[in-house]
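[1] structure of the sequence below:
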Amino acid sequence: MAGSSYGNIFRVTTWGESHGKGLGVVVDGVPAGLELCEEDIQIFLNRRKPGQSKFTTPRKEDDAVEILSGVFEGKTTGTPVSMVVWNKNQKSKDYSEIASYYRPGHADFCFDEKYGFRDYRGGGRSSGRETIGRVAAGAIAVKMLSGLGIKFLTYTRSIGPVTINEVNFDAHEIYNNSLYMPDADAALKASGYLEECLKSLNSSGGVCECVITGLPVGLGDPVFEKIDANLAKAIMSIGAVKGFEIGDGFDAAKATGLTNNDAFIMRDGAVSKETNHSGGTLGGMTDGSPLIFRAAIKPTPSIAATQHTVNKSGEDIEISIKGRHDPIIVPRAVVVVEAMAAITIADALLMNMGARMDRITDFYKKL
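    Have a look, this model is predicted:
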(Lines give C-alpha, C1' and ligand atoms only; values in the text may rest on other atoms or scores of the structure.)
Protein backbone atom coordinates (compact mmCIF):
# COMPACT_ATOMS: atom_id res chain seq x y z
CA MET A 1 0.00 0.00 0.00
CA ALA A 2 1.49 3.30 -1.11
CA GLY A 3 0.42 6.70 0.16
CA SER A 4 1.19 6.42 3.89
CA SER A 5 3.70 9.31 3.85
CA TYR A 6 3.17 13.07 3.79
CA GLY A 7 5.58 16.01 3.56
CA ASN A 8 8.81 16.90 1.80
CA ILE A 9 11.46 17.76 4.41
CA PHE A 10 9.37 17.30 7.55
CA ARG A 11 8.12 13.91 6.37
CA VAL A 12 5.62 11.75 8.24
CA THR A 13 4.92 8.05 7.64
CA THR A 14 2.17 6.36 9.68
CA TRP A 15 1.83 2.61 10.07
CA GLY A 16 -0.35 0.01 11.78
CA GLU A 17 -3.97 -1.15 11.91
CA SER A 18 -6.75 -0.55 14.41
CA HIS A 19 -6.70 -4.15 15.64
CA GLY A 20 -3.05 -5.02 15.02
CA LYS A 21 -0.36 -5.07 17.71
CA GLY A 22 0.04 -1.32 17.59
CA LEU A 23 0.10 1.87 15.56
CA GLY A 24 2.87 4.36 15.07
CA VAL A 25 4.72 6.89 13.01
CA VAL A 26 8.18 7.71 11.73
CA VAL A 27 8.94 11.44 11.50
CA ASP A 28 11.94 12.34 9.37
CA GLY A 29 13.40 15.82 9.01
CA VAL A 30 13.04 16.89 12.65
CA PRO A 31 15.90 19.33 13.33
CA ALA A 32 18.42 18.26 15.96
CA GLY A 33 18.35 19.97 19.34
CA LEU A 34 14.58 20.22 19.87
CA GLU A 35 13.73 19.36 23.48
CA LEU A 36 11.29 16.45 23.32
CA CYS A 37 9.91 13.82 25.68
CA GLU A 38 7.03 11.37 25.68
CA GLU A 39 4.89 13.71 27.80
CA ASP A 40 5.04 16.32 25.00
CA ILE A 41 3.42 13.75 22.71
CA GLN A 42 1.05 12.28 25.31
CA ILE A 43 -0.66 15.63 25.94
CA PHE A 44 -1.83 15.63 22.32
CA LEU A 45 -2.78 11.94 22.24
CA ASN A 46 -4.90 12.42 25.35
CA ARG A 47 -7.03 14.92 23.40
CA ARG A 48 -8.00 12.28 20.82
CA LYS A 49 -8.28 9.13 22.89
CA PRO A 50 -11.69 7.50 23.41
CA GLY A 51 -13.80 7.16 26.54
CA GLN A 52 -13.67 10.82 27.65
CA SER A 53 -17.40 11.57 27.51
CA LYS A 54 -20.76 9.98 26.71
CA PHE A 55 -20.41 11.37 23.19
CA THR A 56 -17.35 9.25 22.41
CA THR A 57 -16.93 5.49 22.18
CA PRO A 58 -16.81 3.82 25.63
CA ARG A 59 -13.72 1.87 24.54
CA LYS A 60 -10.91 2.54 27.02
CA GLU A 61 -7.44 2.91 25.53
CA ASP A 62 -4.47 4.40 27.39
CA ASP A 63 -2.89 5.30 24.05
CA ALA A 64 0.43 5.58 25.87
CA VAL A 65 3.20 6.58 23.48
CA GLU A 66 6.75 5.25 23.41
CA ILE A 67 9.56 7.07 21.61
CA LEU A 68 11.73 4.39 20.01
CA SER A 69 14.37 6.48 18.24
CA GLY A 70 15.58 9.95 17.37
CA VAL A 71 15.79 11.35 20.91
CA PHE A 72 18.80 11.27 23.22
CA GLU A 73 19.12 12.91 26.61
CA GLY A 74 15.87 14.77 26.07
CA LYS A 75 16.70 16.28 22.68
CA THR A 76 16.14 15.26 19.08
CA THR A 77 19.25 13.98 17.33
CA GLY A 78 18.32 14.90 13.76
CA THR A 79 17.64 11.25 12.90
CA PRO A 80 14.13 9.82 12.31
CA VAL A 81 11.87 9.98 15.37
CA SER A 82 9.92 6.73 15.62
CA MET A 83 6.95 6.38 18.00
CA VAL A 84 4.51 3.60 18.83
CA VAL A 85 1.23 3.16 20.71
CA TRP A 86 0.39 -0.45 21.53
CA ASN A 87 -3.21 -1.63 21.12
CA LYS A 88 -4.43 -3.03 24.44
CA ASN A 89 -8.24 -3.02 24.31
CA GLN A 90 -9.14 -4.74 21.08
CA LYS A 91 -12.40 -6.64 20.73
CA SER A 92 -12.03 -8.04 17.25
CA LYS A 93 -15.02 -10.35 17.73
CA ASP A 94 -17.20 -7.23 17.67
CA TYR A 95 -16.34 -7.02 13.97
CA SER A 96 -16.50 -10.69 12.90
CA GLU A 97 -20.04 -10.28 11.58
CA ILE A 98 -19.14 -7.49 9.16
CA ALA A 99 -16.66 -9.68 7.27
CA SER A 100 -19.56 -10.90 5.12
CA TYR A 101 -21.11 -7.54 4.16
CA TYR A 102 -20.30 -3.93 3.31
CA ARG A 103 -21.03 -1.25 5.90
CA PRO A 104 -22.67 1.92 4.54
CA GLY A 105 -20.32 4.90 4.73
CA HIS A 106 -17.21 2.74 5.19
CA ALA A 107 -14.39 1.70 2.84
CA ASP A 108 -15.18 -2.05 3.02
CA PHE A 109 -16.34 -2.39 -0.60
CA CYS A 110 -13.43 -0.33 -1.99
CA PHE A 111 -10.86 -2.38 -0.04
CA ASP A 112 -12.28 -5.66 -1.36
CA GLU A 113 -12.32 -4.39 -4.94
CA LYS A 114 -8.82 -2.85 -4.79
CA TYR A 115 -6.90 -5.52 -2.85
CA GLY A 116 -9.05 -8.64 -3.18
CA PHE A 117 -9.51 -8.91 0.60
CA ARG A 118 -9.54 -6.66 3.65
CA ASP A 119 -8.84 -6.44 7.35
CA TYR A 120 -12.43 -6.19 8.58
CA ARG A 121 -11.46 -5.65 12.24
CA GLY A 122 -12.48 -2.05 12.67
CA GLY A 123 -11.47 -1.00 9.19
CA GLY A 124 -7.72 -1.67 9.38
CA ARG A 125 -5.83 1.27 7.87
CA SER A 126 -9.05 3.21 7.22
CA SER A 127 -9.89 3.21 10.94
CA GLY A 128 -9.85 6.42 12.96
CA ARG A 129 -7.07 4.89 15.07
CA GLU A 130 -4.68 5.49 12.18
CA THR A 131 -4.73 9.14 13.26
CA ILE A 132 -2.68 8.27 16.36
CA GLY A 133 0.47 8.52 14.25
CA ARG A 134 -0.62 11.84 12.77
CA VAL A 135 -1.29 13.34 16.20
CA ALA A 136 2.05 12.13 17.58
CA ALA A 137 3.88 13.69 14.62
CA GLY A 138 1.81 16.85 14.91
CA ALA A 139 2.81 17.22 18.55
CA ILE A 140 6.45 17.46 17.45
CA ALA A 141 5.55 20.00 14.77
CA VAL A 142 3.57 22.14 17.24
CA LYS A 143 6.46 22.17 19.72
CA MET A 144 8.92 23.08 16.98
CA LEU A 145 6.67 25.91 15.72
CA SER A 146 5.76 27.25 19.17
CA GLY A 147 9.42 28.12 19.70
CA LEU A 148 9.08 30.42 16.68
CA GLY A 149 5.94 32.11 18.01
CA ILE A 150 3.56 30.20 15.71
CA LYS A 151 0.42 29.15 17.59
CA PHE A 152 -2.66 27.05 16.83
CA LEU A 153 -6.19 27.51 18.13
CA THR A 154 -8.42 24.65 17.00
CA TYR A 155 -11.99 23.99 18.10
CA THR A 156 -15.45 22.74 17.15
CA ARG A 157 -17.30 25.42 15.22
CA SER A 158 -20.55 23.52 14.75
CA ILE A 159 -22.28 20.23 15.53
CA GLY A 160 -25.29 19.34 13.41
CA PRO A 161 -27.50 22.47 13.27
CA VAL A 162 -25.76 24.16 16.25
CA THR A 163 -23.08 26.75 15.43
CA ILE A 164 -21.07 28.85 17.88
CA ASN A 165 -22.00 32.52 18.26
CA GLU A 166 -18.98 34.76 17.62
CA VAL A 167 -20.26 37.16 20.29
CA ASN A 168 -19.86 34.41 22.90
CA PHE A 169 -16.42 33.26 21.67
CA ASP A 170 -14.18 32.34 24.61
CA ALA A 171 -10.96 30.46 23.88
CA HIS A 172 -10.73 29.32 27.50
CA GLU A 173 -14.10 27.58 27.16
CA ILE A 174 -12.73 25.15 24.55
CA TYR A 175 -11.30 22.86 27.22
CA ASN A 176 -14.17 23.36 29.66
CA ASN A 177 -16.61 21.20 27.69
CA SER A 178 -16.26 17.77 26.10
CA LEU A 179 -17.24 19.08 22.65
CA TYR A 180 -14.31 21.55 22.44
CA MET A 181 -16.63 24.45 21.61
CA PRO A 182 -15.54 28.04 22.47
CA ASP A 183 -19.14 28.97 23.29
CA ALA A 184 -20.71 27.50 26.45
CA ASP A 185 -24.28 28.10 25.27
CA ALA A 186 -23.64 26.39 21.93
CA ALA A 187 -21.98 23.45 23.70
CA LEU A 188 -25.09 23.01 25.86
CA LYS A 189 -27.40 23.10 22.82
CA ALA A 190 -25.14 20.73 20.88
CA SER A 191 -25.14 18.28 23.80
CA GLY A 192 -28.95 18.27 23.73
CA TYR A 193 -28.92 17.63 20.00
CA LEU A 194 -26.47 14.72 20.42
CA GLU A 195 -28.68 13.25 23.16
CA GLU A 196 -31.47 13.09 20.60
CA CYS A 197 -29.13 11.43 18.09
CA LEU A 198 -28.22 8.80 20.67
CA LYS A 199 -31.87 8.09 21.46
CA SER A 200 -32.60 7.53 17.77
CA LEU A 201 -29.49 5.32 17.35
CA ASN A 202 -28.07 7.94 15.01
CA SER A 203 -24.95 10.11 14.71
CA SER A 204 -23.99 13.66 13.77
CA GLY A 205 -21.39 15.55 11.78
CA GLY A 206 -19.91 18.99 12.35
CA VAL A 207 -17.20 21.50 11.51
CA CYS A 208 -13.73 22.07 13.02
CA GLU A 209 -12.07 25.48 12.68
CA CYS A 210 -8.36 26.21 13.02
CA VAL A 211 -6.70 29.60 13.46
CA ILE A 212 -2.91 29.81 13.03
CA THR A 213 -1.14 32.98 14.18
CA GLY A 214 2.47 34.17 14.11
CA LEU A 215 3.15 32.94 10.57
CA PRO A 216 5.81 34.73 8.53
CA VAL A 217 4.98 36.06 5.07
CA GLY A 218 5.81 33.76 2.16
CA LEU A 219 5.28 30.16 3.30
CA GLY A 220 4.15 28.09 0.35
CA ASP A 221 4.82 28.45 -3.37
CA PRO A 222 2.74 30.06 -6.13
CA VAL A 223 1.87 27.00 -8.22
CA PHE A 224 1.62 23.34 -7.18
CA GLU A 225 2.95 23.79 -3.64
CA LYS A 226 0.45 26.45 -2.55
CA ILE A 227 0.13 26.52 1.23
CA ASP A 228 -3.67 26.43 0.99
CA ALA A 229 -3.53 23.52 -1.50
CA ASN A 230 -1.18 21.55 0.75
CA LEU A 231 -3.35 22.27 3.78
CA ALA A 232 -6.38 21.08 1.82
CA LYS A 233 -4.63 17.81 0.96
CA ALA A 234 -3.47 17.32 4.54
CA ILE A 235 -6.89 17.96 6.06
CA MET A 236 -8.82 16.06 3.39
CA SER A 237 -6.56 13.06 4.01
CA ILE A 238 -8.23 12.65 7.41
CA GLY A 239 -10.74 9.85 6.90
CA ALA A 240 -13.88 11.61 8.17
CA VAL A 241 -13.29 14.99 6.48
CA LYS A 242 -15.55 15.70 3.48
CA GLY A 243 -14.97 19.41 2.96
CA PHE A 244 -12.30 22.11 3.33
CA GLU A 245 -12.46 25.89 3.06
CA ILE A 246 -10.07 28.70 3.87
CA GLY A 247 -10.97 32.29 4.75
CA ASP A 248 -14.45 33.10 3.49
CA GLY A 249 -14.38 29.82 1.58
CA PHE A 250 -17.55 29.10 -0.36
CA ASP A 251 -19.04 32.42 0.72
CA ALA A 252 -16.48 34.09 -1.54
CA ALA A 253 -18.52 32.81 -4.49
CA LYS A 254 -21.37 35.09 -3.37
CA ALA A 255 -19.14 38.15 -2.95
CA THR A 256 -17.94 40.87 -5.32
CA GLY A 257 -14.39 42.06 -5.84
CA LEU A 258 -15.01 45.11 -3.72
CA THR A 259 -16.37 43.11 -0.79
CA ASN A 260 -13.96 40.17 -1.06
CA ASN A 261 -10.63 41.98 -1.57
CA ASP A 262 -8.56 42.69 1.54
CA ALA A 263 -7.30 46.28 1.39
CA PHE A 264 -3.68 46.81 2.42
CA ILE A 265 -2.92 49.32 5.17
CA MET A 266 0.08 50.38 7.24
CA ARG A 267 -0.20 49.26 10.86
CA ASP A 268 2.55 49.85 13.42
CA GLY A 269 4.97 50.62 10.63
CA ALA A 270 4.35 47.39 8.71
CA VAL A 271 2.20 46.37 5.76
CA SER A 272 -1.01 44.71 6.99
CA LYS A 273 -4.55 44.00 5.80
CA GLU A 274 -7.72 45.79 6.76
CA THR A 275 -9.77 42.57 6.57
CA ASN A 276 -8.96 38.87 6.16
CA HIS A 277 -11.44 37.41 3.68
CA SER A 278 -8.57 35.47 2.07
CA GLY A 279 -7.92 33.58 5.32
CA GLY A 280 -4.24 34.45 5.56
CA THR A 281 -3.02 33.43 2.11
CA LEU A 282 -2.51 35.23 -1.21
CA GLY A 283 -1.24 33.55 -4.36
CA GLY A 284 -0.64 30.32 -2.48
CA MET A 285 1.61 31.99 0.12
CA THR A 286 0.99 33.09 3.70
CA ASP A 287 0.48 36.87 3.94
CA GLY A 288 1.28 37.37 7.63
CA SER A 289 -2.32 37.60 8.85
CA PRO A 290 -4.01 34.78 10.80
CA LEU A 291 -4.51 31.69 8.66
CA ILE A 292 -8.09 30.48 9.14
CA PHE A 293 -9.59 27.30 7.72
CA ARG A 294 -12.45 24.91 8.39
CA ALA A 295 -12.95 21.17 7.95
CA ALA A 296 -16.39 19.60 7.44
CA ILE A 297 -16.62 16.23 9.17
CA LYS A 298 -19.22 13.62 8.30
CA PRO A 299 -21.44 11.79 10.80
CA THR A 300 -20.05 8.57 12.25
CA PRO A 301 -21.06 5.89 9.71
CA SER A 302 -21.22 3.08 12.30
CA ILE A 303 -24.69 3.47 13.83
CA ALA A 304 -27.01 1.07 15.60
CA ALA A 305 -30.05 2.08 13.55
CA THR A 306 -31.17 -0.34 10.82
CA GLN A 307 -29.54 0.31 7.44
CA HIS A 308 -29.72 -1.27 4.00
CA THR A 309 -26.67 -2.84 2.38
CA VAL A 310 -25.50 -5.89 0.42
CA ASN A 311 -23.40 -8.85 1.42
CA LYS A 312 -20.46 -10.40 -0.44
CA SER A 313 -22.86 -12.82 -2.12
CA GLY A 314 -24.66 -9.90 -3.74
CA GLU A 315 -27.80 -10.17 -1.61
CA ASP A 316 -29.73 -7.17 -0.26
CA ILE A 317 -29.78 -7.27 3.54
CA GLU A 318 -30.53 -5.06 6.54
CA ILE A 319 -27.98 -4.53 9.30
CA SER A 320 -27.58 -2.91 12.69
CA ILE A 321 -23.91 -2.32 13.47
CA LYS A 322 -22.72 -3.49 16.89
CA GLY A 323 -19.58 -2.47 18.73
CA ARG A 324 -18.21 0.62 20.47
CA HIS A 325 -18.51 3.66 18.24
CA ASP A 326 -18.55 7.46 18.61
CA PRO A 327 -21.95 9.09 18.04
CA ILE A 328 -19.89 12.06 16.79
CA ILE A 329 -16.30 12.21 15.54
CA VAL A 330 -15.81 15.98 15.64
CA PRO A 331 -14.50 16.54 19.22
CA ARG A 332 -11.79 13.89 18.82
CA ALA A 333 -11.00 15.13 15.32
CA VAL A 334 -10.11 18.63 16.56
CA VAL A 335 -6.58 17.61 17.58
CA VAL A 336 -6.14 15.57 14.38
CA VAL A 337 -6.96 18.65 12.28
CA GLU A 338 -4.50 20.69 14.34
CA ALA A 339 -1.80 18.03 13.96
CA MET A 340 -2.09 17.86 10.18
CA ALA A 341 -2.03 21.66 9.94
CA ALA A 342 1.10 21.82 12.10
CA ILE A 343 2.84 19.14 10.01
CA THR A 344 2.04 21.11 6.84
CA ILE A 345 3.28 24.41 8.29
CA ALA A 346 6.49 22.83 9.66
CA ASP A 347 7.26 21.34 6.26
CA ALA A 348 6.52 24.64 4.48
CA LEU A 349 8.76 26.50 6.92
CA LEU A 350 11.71 24.20 6.22
CA MET A 351 11.04 24.32 2.47
CA ASN A 352 11.00 28.13 2.57
CA MET A 353 14.53 28.38 3.96
CA GLY A 354 15.99 28.00 0.47
CA ALA A 355 13.75 30.57 -1.24
CA ARG A 356 16.21 33.51 -1.24
CA MET A 357 19.90 33.55 -2.12
CA ASP A 358 20.66 36.48 0.22
CA ARG A 359 19.34 34.52 3.19
CA ILE A 360 21.26 31.40 2.20
CA THR A 361 24.40 33.53 1.93
CA ASP A 362 23.79 35.17 5.31
CA PHE A 363 23.27 31.80 6.95
CA TYR A 364 26.41 30.15 5.58
CA LYS A 365 28.61 33.20 6.11
CA LYS A 366 27.95 32.83 9.82
CA LEU A 367 29.26 29.26 9.89
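
[2] output the contacting helices and strands for the strand or helix carrying Ala234.
    Using DSSP states H and E, Ala234 sits in helix 227-236. When contacts are defined as 3 or more CB pairs under 8 Å, 6 or more residues apart in numbering; DSSP states H and E, helix 227-236 sits against strand 241-246, strand 291-297, helix 330-352. Quick note: C-beta positions are derived from backbone N, CA and C, even for glycine.

[3] for Gln307, find the nearest of these.
    Closest approach to Gln307 among the helices and strands packed on helix 227-236 (CB to CB): strand 241-246, 18.5 Å.

[4] what packs against the closest one?
    helix 227-236, strand 291-297.

[5] which of these sits most buried?
    strand 291-297 (a mean of 25; mean count of other CB atoms under 10 Å).

[6] who does it pair up with?
    strand 206-213 (antiparallel), strand 241-246 (antiparallel) (DSSP bridges).

[7] now do the shortest one: distance to the chain's middle.
    Relative to its parent chain, strand 241-246 has a centroid offset of 11 Å by CA atoms, centre = their mean, to the nearest Å.

[8] angle of that strand against helix 227-236?
    160 degrees (axes from the mean of the first three to the mean of the last three CA atoms, to 10 degrees).

[9] does Leu215 touch Thr281 like I think?
    No - if you go by CB atoms under 8 Å, Leu215 and Thr281 don't touch, sitting 9.5 Å apart.

[10] which secondary element of this structure has the worst mean pLDDT?
    The helix or strand of the chain with the lowest confidence, counting by mean pLDDT, DSSP states H and E, is helix 108-115 at a mean of 89.

[11] now do the buried residues in it.
    Asp108, Phe109, Phe111 (16 or more other CB atoms under 10 Å).

[12] gap between it and the chain center?
    25 Å.

[13] about what we covered before: now the helix holding Ala234: mean pLDDT?
    Regarding helix 227-236, the rounded mean pLDDT is 98.

[14] ok and it relative to helix 330-352, angle-wise?
    Going by the same axes, to 10 degrees, helix 227-236 makes 140 degrees with helix 330-352.

[15] coming back round to it: overlap in contacts of Leu215 and Thr281?
    Leu291 (CB atoms under 8 Å, 6 or more residues apart in numbering).

[16] tally of neighbours for the closest residue to Val211 other than its chain neighbours?
    Of all residues not flanking Val211 in the chain, Leu153 sits nearest, at 4.6 Å (CB to CB, 6 or more residues apart in numbering). The tally of other residues near Leu153 (other CB atoms under 10 Å) stands at 15.

[17] save the helices and strands packed on strand 241-246 as TSV, and put in distance to Ser146 too.
    TSV is the format used below for the helices and strands packed on strand 241-246 (distance: least, CB to CB, whole Å):
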stretch	distance to Ser146
helix 227-236	19
strand 291-297	15
